[in-house]
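[1] here is a sequence together with a model predicted from it:
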Amino acid sequence: MCYTVILENIGVHNTLKGDIMDHKTSIANALAALTGMEADTLRDWIENPPNTDMGDYAFPCFRLAKTLRKAPPMIADALKAAIDAP
């Protein structure tokens, strides 16, 4: 999945189904700080991966390619490095 960065370690833990929207908002805010884009737009793009082994959330980096003028795999690597929590 080179066009998607899996967001599983940014300090957001999916413990209750009712918290999903709050988690997506937290993830979107983190991505907005890194990309300079609107958090509301980014929040709408956050997905659930088809396989839970891939993480709780995914973000399709191809949507940022034109805006950031970078290839999706490069965007995914940069976002992962910036949000990767210990």
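    That came through fine.
[2] and the longest helix that the chain contains, what does it pack against?
    For the chain, the longest helix by residue count, based on DSSP state H, is helix 20-35. Applying 3 or more C-beta pairs under 8 Å, 6 or more residues apart in numbering; DSSP states H and E, one finds that helix 20-35 makes contact with helix 39-45, helix 72-83. Using the backbone N, CA and C atoms, a C-beta is placed for each residue, glycine as well.
[3] report how many residues lie close to D53.
    Residues near D53, counting by other C-beta atoms under 10 Å, number 7.
[4] if we can go back for a sec, take the helices and strands packed on helix 20-35 and write them to JSON lines, including mean neighbour count and distance to S26.
    Formatted as JSON lines, those follow (neighbours: other C-beta atoms under 10 Å; distance: least, C-beta to C-beta, whole Å):
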{"stretch": "helix 39-45", "mean neighbour count": "15", "distance to S26": "9"}
{"stretch": "helix 72-83", "mean neighbour count": "17", "distance to S26": "11"}
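[5] return the member of those helices having the minimum mean pLDDT.
    Lowest mean pLDDT within the helices and strands packed on helix 20-35: helix 72-83, at a mean of 87.
[6] can you spell out which helices and strands pack onto it?
    strand 4-6, helix 20-35, helix 65-68.
[7] quick one on the thing from earlier: for F59, which of the helices and strands packed on helix 20-35 is the nearest?
    Proximity to F59, assessed across the helices and strands packed on helix 20-35 by C-beta to C-beta, is greatest for helix 39-45 (6.3 Å).
[8] F62 falls within a helix, correct?
    Yes - assignment of F62 by DSSP: H, G, I helix; E, B strand; the rest coil places it within a helix.
[9] check the gap between it and A82 for me.
    Using C-beta to C-beta, to the nearest Å, one gets 18 Å for the distance from F62 to A82.
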